[in-house]
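Participant: Next come a sequence and a model predicted from it.
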Amino acid sequence: MTTRTIFAASGSRQGLLLTAPAVLVVSGIVAFAFASLVCYSIWTQTYLDMDHTPTTLNYQRFFREPMFLFLLGKSLLIALGASVITVLAAYPVAYYVSFKVQRRKLLWITILTLPFWMSYLLRVFSWKLILGYNGILNTGLGTLGLISAPVEALLHNSFAVVLTLTHSWAPFAVVPIFLSMERIDRSLLQAAADLGDTPLQAFRRVVWPLTLSGVFSAGILIFIPTVGDYVTPQLVGGTSGIMIGNLIFAMFTKLNNWPLGSAIALMSLLAIGLIVFAASRLLGVHKVEVK
Amino acid sequence: MMSGNHHIRIEGVSKAYGSFVALKGIDLSIAKGEFFSLLGPSGCGKTSLLKILGGFEAPSAGDVIIAGTRVNDVPPYRRNTNMVFQSYALFPHLDVYANIGYGLKRRKASEAEKRATIEGLIDLMQLKGLENRNVEKLSGGQKQRVALARALALKPEVLLLDEPLGALDKKLRDEMQKELRAIQQRVGITFVFVTHDQEEAMALSDRVAVLFDGRIAQVDTPRNLYNRPKSVDVAQFIGTINLFDGVLRSATGGRTTVESPDFGTISVAEPAPSTASGRLRMAVRPEQVAIEAAGAAAAPGRIAGEGTVTALSFRGDRSYVELALKTSGAPLSVVVPNVSSSQVRSLDVGTTAGFSFAAEDLLLLE
Amino acid sequence: MQRWMPFSRTNFDPSRREFNKKLAALGLAAVSMPVLGRAAFAAPTMTAMTYTNYHVKGLFPAYADKYGDIPKVSYMSDDEDAFQKLRGGFPADTAHPNTSSIRRWRDAELIRPIDTGKLSHWADIFDEVKAVKGITDGSETFVCPTCWGNASIIYRTDLVDEADIADPSWALLANPKYQGRVAAGTILEELVLPAALRAGVPQSEIFSMTDEQIAATKEVLRAQHGNLRYYWSSLTDMEQGLASGELVAAVGWNTSVNSLKKQGVPVAYLQPKEGILTWLDGVVRTTQGKASDDEVYDFMNAWIAPEAGKYLIEEIGYGHTNRKSFEIASAEKKQQLGLEEPTSNLSKGIFFEEIDGPTREKYSTMVEEVKSGF
C-alpha cells in the first residue's frame, strides 16, 4: 500500500466516523417508521381494538376494492403530469440562467426560489386567488371583456391540482437542473460547434445528455412528494381532484383504520419505487455517471 | 513573409472586449502545411487570435481569410478548422471511440469509412484497447491524444491547438511534443499552435509569431528569433540575454560603431537599429560568452572584459557564472560547458574573472 | 342569472383572522396567537382544544377575568381530528366535540365524567339539552353542553329559482340545474343524515342504519357527489363562494347565514321537508389532561354563563344552552336568527344523536368512498 492510499483510507474512515451519528439517527428514524408501517399493515383494527395477528387482509382489500388502485393510479398520473410539466417549465429557466446570464447567477436563482420562502399553504392559496371564480384571472378576463361569465373550470379539478403542484415545486426543479448545467464545461459546447454541431445539435448531443441526471433528480424530487400530497387536492381539487394521500390521511384520521392506511401507504411506496426505477431505465440515467 | 501559398491570411485584425483591446491590428500569413506557433505571455492576445481563427469570436476589425475565403462571419460548425482545447473538452458522457467519432457522425460517408477513419486514428494515437473506456478515466496524455484524434477525424485544413500540452508534466510534455511534430508531418495539415512556453514553440514550429500586448513583435523561424531578435522584449522573452548600454557613433555600409562604457569604442558588422536619441542596447547570449584568465588580452575579432564573480552554479553538464562588470557594474551571465579545460574550475565568488565573446555575436537593439 | 360582478368587495379578505381560520380548518394551525397582556392573576395552565371561532374571550369571560388570559389552545378542524389528536396523546385538558360522536370518545376512554355539582350555571341549562343522547352515558355526565345550531342549505335567493325550492328538500344539492354550483361540508352527520332521509330511511333509524340502509344512502350521496363543486373545509371558502356567486347553495350553519346577511348577500336558510339538522356541542374533559379540577370547571362554567351565551348569540349566531342567555340577548338579534323561542327551536328538526362507534366508522368509510368517486 502506498502512502497515498493509506491516507485515502484513513480519510474515508474519518469521514465515516464523522457522518456515522447522523446516518445512524436518520436511518434509525426511517427504519422505525418503515417498520411501524409494515407492522400496522399486517394487523387489523376492529373499532378501537387492534388485532395483532399477522394477516394479509389489508393488502387483499387494497387489491380487491377498485377504489384504492384507482386513486393510486390517478395520483401517480397527476404526480407524473406535475413532474413532467414542472421539469419542462423549469428547464428553460435553468438554461437561461446558466447559459445566458453572465453575472449574478446566484441572485437569479435566489429570486427564482423566492416562492419557496413562502409557506406551502400560501402558495396554494395564491392559486386560489388567481384561478378562483372571482379570482385575478377571471376578473382580468372579465374586465377586458373576453369572457361574459367567470370560467369555472379553472379551479376545483385535477387541472388546478397539477398547475398548483407545478408552481409549488418549480424551484425544486430549477435548482438541480441548474446545477447540472453549471457543471458542464463550457468548452464542451465550443468543441461541439467546432466539430460541426449547430447550437441545436450541440444542445441535443451535449447539454441534454449531461443534464439528464439533473432532470431526472428534479423529476424524482417532485414526483415522490406529490404522489402523496393531500393538502393541494383538498384545497384546489374539488370533488374530482382527490388523491391517494387524502385517503391515507383519512385512514389515519377519520376512518381510524391505521392498518389499512399503512397497507395503502406501503403499496404507494412500492408503486413510486417501481416507477422511479422504470423511469431511470427508460431515460438511461443509470448509464450517465454523475460526478 | 514566407513566399508560396498563403493558406491563412490575417489582415489588420483587431479585437476589443468592451474597453479592453486584446488584439491591435494583426497581420499574419501562414503557409499550407506549416507548423505555426503563436507565442507570448498570458494576456498577449494569442488565444483571442486562435479563437478568431476557430470562429468562436468575430474580429472587431480586419479580415480572416482561410484558403482564399473570407471567414469572418462563418460559425465554427461551418469552418474547416478544428481545435484542440486547452482542457481537451472531451465529452464526459461518451467513450473514447464516440469522442473521436463525434464530428464524423453527421458527415456524409459510409459507416465503414467512418469506422476506418476512427480506427486509423486510434492506431495513430496509440489508443488501441481504450476504445470503450470512459474518457474521465484516461490519463492526461491519453486524453490529449483523444482530443487530437477527435479534431483530426474531420480532416480539417487547419488544426488549431490551444496550449494543448500545458496540463501535462514535463516528461510527458517532451514526449508529446515529439509525437505532435511527427503527426503534423505525417498528416500535413496546417497547425496553428498557441503556447506561452518558448522552448515548446521553438522545438515544434516552422515559424513563430511572438505577441506582446495585442501586437506582433516578430514573426520568424525559431533560429532567427533566438539569434536575431528584433527587440529587447523578444530577446528577453526567448531565452536569456545580457544587455549593455551604448551610444551610436556612426553607421555606414552595414557597419556600426558604438561607444560603450564597458567595452570602449567597438565596430560591429550589423546595421544600426533605429534610435532617435542615439542610445541603444547591445546584447549577447550567455552561452556565447567565454570565461578567460583575468587580464588576458582580447583575441582578434573578440571583445573582452573583466568582472567580479557574484554567483556560481554547477549544473552537471554546464555551469552558470554571474559576473559584475568592473567598468559599469552591469551584470553578465555566462553559461560554460563543463569541459576539462574550463576556466571555471579556478573561479570562486569574489574573485576576478576575464571574459570574451565574438564581436559578430553582439546584437544591436533599440 | 344576475350579472356577474368582476370586483367583489366581499370576496377578498386577506386578513389574518380569515387566513388563520383557513389554516385551522386544515388542521394545520401553526398560528401565532395574539400575545395578551398578562394581569396579575392566576395564569392559565390548561390547554383547550377547540375551533378557531370558539377561541375568543367573549365565550368564557369569567374564566378570562379570573386567569387574566384565555387558555392555551390547540385547534381542531372537526371531531375526528380532535379524536385522533387525543388518541395520539396530545395533552389537551378539554375538547369541544358534537354529542353525536361522543360515544367513541367514551369507548376509547378519552374523556372523564363531569361533576355537574361543581358547575354553578348547570341548573339553568335547558332540560331539552340535558336530555340529548350522549350528554350522559346513562348515569354519569360526560359533556358540558355549550352551543347548538342548525345545519341546512344556505342558498342565494337571487340565483336559485323559486320553483326549485317550492318543495324545499335536501335534494337541491343534487339538482342537475345547479351542477358545479353547489357545495356540501365535510361533517359526517351533515352528509349522511339528510341523504339517509332522502333514501327513505325512517328518521328513527338514521343514527343506527343497517348495511342495506347505508348502501342506499351511499347511492344518494354518489348521485349528489357529481353535482358538487367541492366539499368545503373552511367556512370562509363557503361564504366567499356564496357571496361571489360561484356557489348558489351550500350546506352551512346559522353563523354563515348571519354573516352573509350582514354583508348584504341575498341568502336564505332552507327549511327542508326532510327536516333541518340541529347539532349540539360542548366541552368535554379529557382523561389525559393535567390541569387542576378548579381551572377546568371554571372554564366550563364560564362557557355556560349567561353573558357568554349573549356573546355567542349576538356575535356568532348560534344558540346557547343556558336559558338565561336568551333573556339578556338582544331581541333584534334573536329575531334575526329565529331564536325567539329557543325551546321550540330546540325541539324542531333532527337532533344529532349519539351514533354507535362502529356504525359511525361505517358511515365514515362510506362517505370517504363517495368522496373518492366510488
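Facilitator: Thanks, I have it.
Participant: From here on, just use CA atoms for contacts and neighbour counts.
Facilitator: Fine.
Participant: What is the neighbour count of B:Asn82?
Facilitator: For B:Asn82, the count of nearby residues is 31 (other CA atoms under 10 Å in any protein chain shown).
Participant: ok, it touching B:Leu160?
Facilitator: Yes - judged on CA atoms under 8 Å, B:Asn82 makes contact with B:Leu160 at a distance of 5.9 Å.
Participant: Now for these two: what residues contact both?
Facilitator: B:Gly54 (CA atoms under 8 Å, 6 or more residues apart in numbering or on different chains).
Participant: Under a three-state scheme, what state does the nearest residue to B:Glu259 once chain neighbours are set aside occupy?
Facilitator: In this structure, B:Glu259 finds its nearest non-sequential neighbour in B:Thr265, 4.4 Å apart by CA to CA, 6 or more residues apart in numbering or on different chains. Three-state call for B:Thr265 (DSSP: H, G, I helix; E, B strand; the rest coil): strand.
Participant: which residues sit in contact with B:Thr265?
Facilitator: Contacts of B:Thr265 by CA under 8 Å, 6+ apart are B:257-259.
Participant: what do you get for A:Thr56?
Facilitator: A:41-42 are the contacts of A:Thr56 under CA under 8 Å, 6+ apart.
Participant: and what of A:Val236?
Facilitator: Going by CA under 8 Å, 6+ apart, A:Val236 touches A:124, A:128, A:155-157, A:160-161.
Participant: which SS class is the closest residue to chain C within the stretch 1-150 of chain B?
Facilitator: The nearest approach of the stretch 1-150 of chain B to chain C comes at B:His93, 45.9 Å away (CA to the nearest CA). With three-state DSSP as the basis, B:His93 sits in coil.
Participant: And for it, the neighbour number?
Facilitator: Neighbours around B:His93, by other CA under 10 Å: 19.
Participant: List, one by one, the residues from the stretch 201-350 of chain B near chain A.
Facilitator: By the rule CA under 8 Å from any CA of the partner chain, no part of the stretch 201-350 of chain B lies against chain A.
Participant: Please enumerate the helices of the stretch 201-350 of chain B.
Facilitator: Here the stretch 201-350 of chain B has its helices, by DSSP state H, counting those that start in this stretch, at B:222-227, B:232-237.
Participant: which helices and strands sit right next to the last one?
Facilitator: In this case it means helix B:232-237. helix B:222-227 (3 or more CA pairs under 8 Å, 6 or more residues apart in numbering or on different chains; DSSP states H and E).
Participant: Let me see the mean pLDDT of the helix it packs on.
Facilitator: Here helix B:222-227 scores 93 as its mean pLDDT.
Participant: what about the strands in the stretch 1-150 of chain A?
Facilitator: Secondary structure of the stretch 1-150 of chain A (DSSP state E, counting those that start in this stretch): strands at A:44-46, A:49-51.
Participant: State the pair within the contacts of A:Val236 that is farthest apart.
Facilitator: A:Val124 and A:Asn157 (13.7 Å; CA to CA).
Participant: list the buried ones in the host helix or strand of A:Leu189?
Facilitator: Assigned by DSSP states H and E, A:Leu189 falls within helix A:186-194. By neighbour count with 16 or more other CA atoms under 10 Å in any protein chain shown, helix A:186-194 contains the buried residues A:187-194.
Participant: Torsion angles phi and psi at the residue of the stretch 101-250 of chain A found nearest chain C?
Facilitator: Nearest residue of the stretch 101-250 of chain A to chain C (CA to the nearest CA) works out as A:Gly238 at 4.3 Å. The phi and psi torsions at A:Gly238 (degrees, to the nearest 10) take the values phi 60, psi -150.
Participant: dump the residue contacts of it.
Facilitator: A:155-157, C:229-231.
Participant: Hmm, A:Ser180 and A:Ser213 touching each other?
Facilitator: Yes - A:Ser213 lies in contact with A:Ser180 (CA under 8 Å); the separation is 7.3 Å.
Participant: what about those two, which has more around it?
Facilitator: Ranked by neighbour count (other CA under 10 Å), A:Ser213 and A:Ser180 place A:Ser213 first, with 23 against 20.
Participant: Shouldn't the more buried one be within a helix?
Facilitator: Yes - counting by three-state DSSP, A:Ser213 is found in a helix.
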